[in-house]
Each structure stands twice: as structure tokens, then as C-alpha cells.
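1. Predicted model and sequence below, questions to follow.
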Amino acid sequence: MFGIPGKQAVTITDKAAAQIAKLMAKDGHQGLRIGVKKGGCAGMEYTMDYVTEVDPMDEVVEQDGARVMIAPMAQMFLFGTEIDYEVSLLEAGFKFRNPNVVDACGCGESIKFDENLSAS
């Protein structure tokens with residue numbers, strides 16, 4: 001596990017927890033796995049996938065019936081991130097407030113991390 005002992009890698013707002021719990025109940029999923037991958041105009045993108053089985057290497061964060069698994073390779077990039085769920089007039093979706101991001105593309109789909117972080 002990456003990070004500080006006793007401190008969760010990410011926090012989940014009440015709105016995000018409610019939406020994740022709703023998604024989990026829909027088809028009996030075990031939760032959502034969050035990761036990062038190379039791509040997008042800023043260099044990296046968040047990934048979210050349904051999980052039917054918990055990987056023992058994932059960090060698991062549980063809150064109010066919601067379960068989020070953080071893929072091992074993403075833990076250092078996501079440490080300190082707040083996951084929220086926002087609904088606006090034109091869209092609804094998960095929002096990541098990540099203190100490790102140094103730049104993002106205009107659409108907000110692609111992010112860039114400090115190069116020293118990825119070299120760790």
C-alpha cells in the first residue's frame with residue numbers, strides 16, 4: 001500500500017458514495033476500480049471499471065456502502081484525491097480533485113502529473 005499508514009489514499013464525498021453504491025447494487029458489482037493510463041492531450045487519463053472480484057493488490061476504500069479499489073500503479077498518482085459526483089444542467093459525472101495534477105486539458109478529461117511523481 002502506498003501512502004501514510006492509517007490514512008486512506010482517496011476520500012469520497014457523500015454524493016459520490018451514493019452514486020457508487022447505486023452502481024454496485026445494479027448488477028452485483030463489488031465496487032469501482034480507479035486507475036490512470038497514458039492517453040489524452042495532457043498525457044494521462046483516469047480510468048473507472050466495474051469490479052466483480054477484488055484484487056489483493058488494490059487499495060480498498062469503503063464509505064457508506066460504496067467501495068472503491070485503487071489499482072496498484074495508480075496509488076501514488078491518486079493519493080490525496082477527493083472523488084465527487086456532480087450533476088449540472090448539461091452533464092453528470094464523477095469529478096476528481098487531485099492535488100498531484102499539475103496541468104489538465106481544456107475538456108478536463110486528460111491530466112498531467114509532476115514528472116518527479118512518475119519517476120518515483
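-> Cool, got the structure.
2. so residue 82 touches residue 14, yeah?
-> No. Under the contact definition of CB atoms under 8 Å, residue 82 does not touch residue 14, with a separation of 11.6 Å. Any C-beta I mention is one placed from the backbone N, CA and C, and that applies to glycine too.
3. show me the contacts for the residue lying farthest from the centre of the chain.
-> Most distant from the centre of the chain: residue 89, at 23.5 Å, with distances by CA atoms, centre = their mean. For residue 89, the contact set (CB atoms under 8 Å, 6 or more residues apart in numbering) is empty.
4. Need the per-residue pLDDT for it.
-> What the model reports as pLDDT for residue 89 is 88.
5. Can you verify it is assigned to a strand?
-> No. Checked against DSSP: H, G, I helix; E, B strand; the rest coil, residue 89 lies outside a strand; its state is coil.
6. For residue 63, see how far away it is.
-> For residue 89, the distance to residue 63 equals 28 Å [CB to CB, to the nearest Å].
7. and what of residue 72?
-> From residue 72 to residue 63 the distance is 21 Å (CB to CB).
8. Equivalent analysis for residue 50, please.
-> Counting by CB to CB, the gap from residue 50 to residue 63 is 18 Å.
9. Looking at the two, which one has more neighbours?
-> Shown here are residue 50 and residue 63; by other CB atoms under 10 Å, residue 63 has more neighbours (18 against 14).
10. Identify the bridge partners of the residue most central in space within the chain.
-> A centroid search over the chain (CA atoms, centre = their mean) returns residue 34, at 4.3 Å, as the residue closest to the centre. Beta bridges link residue 34 to residue 48, residue 70 when assigned by DSSP bridges.
11. Do I have it right that it meets residue 75?
-> No. Using CB under 8 Å, residue 34 is not in contact with residue 75; the gap is 9.9 Å.
12. tally of neighbours for residue 75?
-> So residue 75, with other CB under 10 Å, has 20 neighbours.
13. host element of it?
-> helix 75-78 (DSSP states H and E).
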